[in-house]
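Engineer: no FASTA, just this:
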C-alpha cells in the first residue's frame with residue numbers, strides 16, 4: 001500500500017444558548033411535544049417576517065473573541081437554497097460573505113506539543129427542522145416533520161483542513177467544546193443535537209501539495225464517534241486508491257453499530273446553493289462599543305484557569321488539566337476550596353477527592369458533577385476532618401460512601417457513628433503494646449532487619465481500634481517500642 005497522509009477539516013454546528021429562536025420568540029427548550037415550539041415565522045407562513053435575536057449575536061461575538069477571530073462589524077444574511085423536507089422555506093437563512101467572525105485559531109495538545117489549528121470562519125444561521133422516521137420501536141413507512149428545532153440559532157465553526165489524524169480531530173473538538181461551555185454560548189450536548197460535527201476527510205500521497213478527493217462524513221453523535229469514523233474512512237480511502245480505483249466527492253453516513261461509513265449522496269458545492277441576500281433582514285453594523293462590552297464579559301478560559309490552578313494552588317499539570325476539563329468541574333473545585341478552613345493545605349486533598357473518589361462514583365452512576373449528591377461544601381468538610389486529625393483517611397472513605405448514598409453531611413455521619421479518630425497517645429500506646437505482644441514473629445523479623453514487618457503490627461493495631469487510631473501516631477509509637 002502506498003504511503004499517504006491524511007487531511008481533515010471539521011465543520012461544527014453548535015446550538016446557540018438562547019431561550020428563544022434566532023428569528024422569532026419561540027422557545028428553544030428541548031424535549032417538548034412535537035411542533036409545540038413553532039409559530040408563523042419559523043414555520044414560514046406567507047407574510048411572516050423574521051426579527052434577529054440580539055442574544056444570539058452577543059454569543060457569536062463572545063465566541064469569536066475567545067478564539068482570536070476578527071469580528072466583521074458590517075454583516076448581512078443570505079438565503080442558501082435547500083430543497084429538503086425539513087426546511088419549510090426551501091432555503092436556509094445563513095451568512096455567506098462576510099461571516100460574523102473571520103480567521104480565528106485554536107491550540108490543541110498532541111503528544112505534549114502544541115499545535116495551532118486555524119479556523120476559517122464562524123457564521124450565524126438557523127437550524128433545520130427534524131424528520132421523524134420511527135415512533136418508539138415502530139419504524140414508519142413515511143416521515144413526520146417536527147418544527148421545534150427549526151430556526152433555532154446555530155453557529156457554524158469551520159476549520160481549515162489542517163488536522164492530520166483522528167486524534168487531532170478528537171483533541172480539537174474536545175478543546176472547542178470546553179471553551180464554548182466555559183463561555184456559556186452553547187451547551188454542546190451532542191445527545192440532544194446541540195453540537196453536531198461534519199468531517200471532511202481526504203488523503204494524498206506524502207509530499208503532494210494538492211488536496212485529495214474530499215469526502216464528507218455525517219451522523220456522528222459523539223466526539224469519540226468522530227474519531228472512529230475518520231479512522232475508518234482514512235483506511236477505506238487508502239484501500240480504494242491502492243486498488244487503482246478513484247474516489248468520488250460525496251457525503252457518507254457513519255453507522256456506529258457496524259463501524260463503517262456508507263454513501264449517502266454526491267456532495268453539493270457552493271454554486272449548488274445559489275446564495276443571494278436575504279431581503280427580509282437588513283444588513284447590520286456592530287459598533288466598537290458593543291464588541292468591547294462583549295470582551296469585558298468573557299470569563300476565565302480553560303487554559304488560563306489551568307495555569308492559575310497550578311500557580312495559585314500548587315497543583316500538578318495532571319490535576320489542573322482534569323479540574324479545568326469542564327467549567328462545572330472547575331467551579332465545583334473552587335467552591336469547595338472557598339468553603340475549606342485552610343485553602344493552602346486543602347488544595348491538593350480536595351483535588352484528589354474530586355478526581356478519584358467522586359469522579360469514579362459519578363462515572364459509575366452516569367451523573368454529571370453539577371448533579372452530584374455530594375456538595376462541594378461537604379467535600380470541603382470531609383477534607384477539613386482529615387486535616388484536623390479528627391478522622392483517618394480510611395475512615396474518610398467509609399464516610400464518603402454514606403455521603404454519596406445519602407447526600408449526608410460528613411460531620412454528622414462521624415458524630416452519629418462515633419468515628420472520631422483516636423489521637424490520645426496513652427490509649428494508642430496501650431493498643432500498640434497489646435499488638436506487639438500478640439505478634440512475636442513480626443517482632444523477630446523486625447529485629448532481624450526486615451523493617452516492613454512493622455506493617456503487620458500496624459494492621460493489628462488498626463483492627464483492634466476499629467480503624468480509628470491515628471495512623472501517624474501508631475507508626476511513631478510502634479517504631480519507638482520496637483527499637484527499644
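Structural biologist: Alright, I've got the coordinates. These numbers were taken from a predicted model, which means no experiment stands behind them.

Engineer: For residue 18, which residues are in contact?
Structural biologist: By C-beta atoms under 8 Å, 6 or more residues apart in numbering, the residues touching residue 18 are 28, 53, 55-56, 59, 153. Glycine gets a C-beta too; all of them are placed from N, C-alpha and C.

Engineer: Out of those, which is nearest to residue 183?
Structural biologist: Distance ranking of those against residue 183, using C-beta to C-beta, places residue 59 first at 7.7 Å.

Engineer: My guess is the closest one contacts residue 16. True?
Structural biologist: Yes - counting by C-beta atoms under 8 Å, residue 59 does reach residue 16; the two are 4.9 Å apart.

Engineer: circling back: can you put the contacts of residue 18 in TSV and add secondary structure and neighbour count?
Structural biologist: Listed next are the contacts of residue 18 as TSV, based on DSSP: H, G, I helix; E, B strand; the rest coil; neighbours: other C-beta atoms under 10 Å:
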residue	secondary structure	neighbour count
28	coil	22
53	coil	22
55	helix	16
56	helix	24
59	helix	24
153	strand	26
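
Engineer: wouldn't residue 163 be in contact with residue 172 here?
Structural biologist: Yes - counting by C-beta under 8 Å, residue 163 touches residue 172, with 6.2 Å between them.

Engineer: what sits in contact with each of those two?
Structural biologist: Common neighbours of residue 163 and residue 172 (C-beta under 8 Å, 6+ apart) are 10, 117.

Engineer: Going by distance to residue 374, which of the contacts of residue 18 wins?
Structural biologist: Using C-beta to C-beta, the contacts of residue 18 come closest to residue 374 at residue 28, 31.3 Å.

Engineer: chain center to stretch 295-313, what's the gap?
Structural biologist: How far stretch 295-313 lies from its chain's middle: 17 Å, per C-alpha atoms, centre = their mean, to the nearest Å.

Engineer: which residues touch that stretch?
Structural biologist: Residues contacting stretch 295-313 (C-beta under 8 Å, 6+ apart): 62, 65-66, 107, 175, 178-179, 182-184, 315-317, 319-321, 323-325, 327, 330, 333, 337, 343, 347-348, 351.

Engineer: Please point out which parts of it sit buried.
Structural biologist: 301-302, 305-306, 309-310, 313 (16 or more other C-beta atoms under 10 Å).

Engineer: Save these as TSV, and put in distance to residue 208 and secondary structure too.
Structural biologist: Converted to TSV, the buried residues of stretch 295-313 look like this (distance: C-beta to C-beta, whole Å; DSSP: H, G, I helix; E, B strand; the rest coil):
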residue	distance to residue 208	secondary structure
301	37	coil
302	36	helix
305	41	helix
306	38	helix
309	44	helix
310	42	helix
313	49	helix
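
Engineer: Columns distance to residue 5 on top of these, output as TSV?
Structural biologist: Compiled in TSV, these are given as follows (distance: C-beta to C-beta, whole Å):
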residue	distance to residue 5
301	32
302	30
305	35
306	31
309	37
310	35
313	42
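
Engineer: Rebuild the residues you listed as CSV, extending it with distance to residue 432 and pLDDT.
Structural biologist: Converted to CSV, the buried residues of stretch 295-313 look like this (distance: C-beta to C-beta, whole Å; pLDDT from 0 to 100):
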residue, distance to residue 432, pLDDT
301, 53, 96
302, 49, 95
305, 47, 97
306, 45, 96
309, 41, 97
310, 41, 96
313, 37, 95
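
Engineer: hmm, back to that, shared neighbours of residue 59 and residue 16, anything?
Structural biologist: In contact with both residue 59 and residue 16: 153, 155, 185-186, using C-beta under 8 Å, 6+ apart.

Engineer: Just the ones in strands from these, please.
Structural biologist: Mapping the shared contacts of residue 59 and residue 16 onto strands (DSSP state E) picks out 153, 155.

Engineer: Dump the shared contacts of residue 59 and residue 16 into JSON lines; add pLDDT as well.
Structural biologist: Converted to JSON lines, those look like this (pLDDT from 0 to 100):
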{"residue": "153", "pLDDT": "98"}
{"residue": "155", "pLDDT": "98"}
{"residue": "185", "pLDDT": "98"}
{"residue": "186", "pLDDT": "97"}
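
Engineer: Return the closest of the shared contacts of residue 59 and residue 16 with respect to residue 291.
Structural biologist: For these, the nearest to residue 291 is residue 185 (15.0 Å; C-beta to C-beta).

Engineer: out of everything not next to it in sequence, what's closest to the closest one?
Structural biologist: residue 59 (4.0 Å; C-beta to C-beta, 6 or more residues apart in numbering).

Engineer: likewise residue 353?
Structural biologist: residue 379 (5.7 Å).

Engineer: which SSE is the one you found in?
Structural biologist: helix 376-387 (DSSP states H and E).

Engineer: Which strands or helices does that helix pack on?
Structural biologist: helix 327-339, helix 343-352, helix 393-406, helix 410-417 (3 or more C-beta pairs under 8 Å, 6 or more residues apart in numbering; DSSP states H and E).

Engineer: between the third one and helix 376-387, how many degrees?
Structural biologist: So that's helix 393-406. In terms of direction (axes from the mean of the first three to the mean of the last three C-alpha atoms, to 10 degrees), helix 393-406 departs from helix 376-387 by 160 degrees.

Engineer: before we move on, what about the last one?
Structural biologist: In this structure, helix 410-417 runs at an angle of 60 degrees to helix 376-387, with the same axes, to 10 degrees as the basis.

Engineer: Helix 410-417 packs against which elements?
Structural biologist: helix 376-387, helix 393-406.

Engineer: Residue 199 is nearest to which of these?
Structural biologist: Smallest distance to residue 199 across the helices and strands packed on helix 410-417 (C-beta to C-beta): 37.4 Å, for helix 376-387.

Engineer: Output the longest helix belonging to this protein.
Structural biologist: Ranked by number of residues, the top helix in the chain under DSSP state H is helix 223-242.

Engineer: residues of it that come out buried?
Structural biologist: For helix 223-242, burial by neighbour count (16+ other C-beta under 10 Å) applies to 223, 225-234, 236-238, 241.

Engineer: can you check stretch 37-55 too?
Structural biologist: Those buried within stretch 37-55 under the rule 16+ other C-beta under 10 Å are 37-38, 41-44, 50, 52-53, 55.

Engineer: centre of the chain versus stretch 306-319, how much separation?
Structural biologist: For stretch 306-319, the distance to the chain centre is 19 Å (C-alpha atoms, centre = their mean).

Engineer: Start and end of stretch 450-470, how far apart?
Structural biologist: 23 Å (C-alpha to C-alpha, to the nearest Å).

Engineer: What strands line up against the longest strand anywhere in the chain, and which way round?
Structural biologist: When the chain is parsed with DSSP E, its longest strand is strand 113-126. Partner strands and pairing direction for strand 113-126 (DSSP bridges) are strand 101-110 (antiparallel), strand 153-159 (antiparallel).

Engineer: now these as CSV including distance to residue 141?
Structural biologist: Converted to CSV, these look like this (distance: least, C-beta to C-beta, whole Å):
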stretch, distance to residue 141
strand 101-110, 43
strand 153-159, 31
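
Engineer: Residue 288 is nearest to which of those strands?
Structural biologist: That would be strand 101-110 among these, by C-beta to C-beta, at 15.8 Å.

Engineer: List the buried residues in the closest one.
Structural biologist: Per 16+ other C-beta under 10 Å, strand 101-110 contains these buried residues: 101-102, 104, 106, 108.
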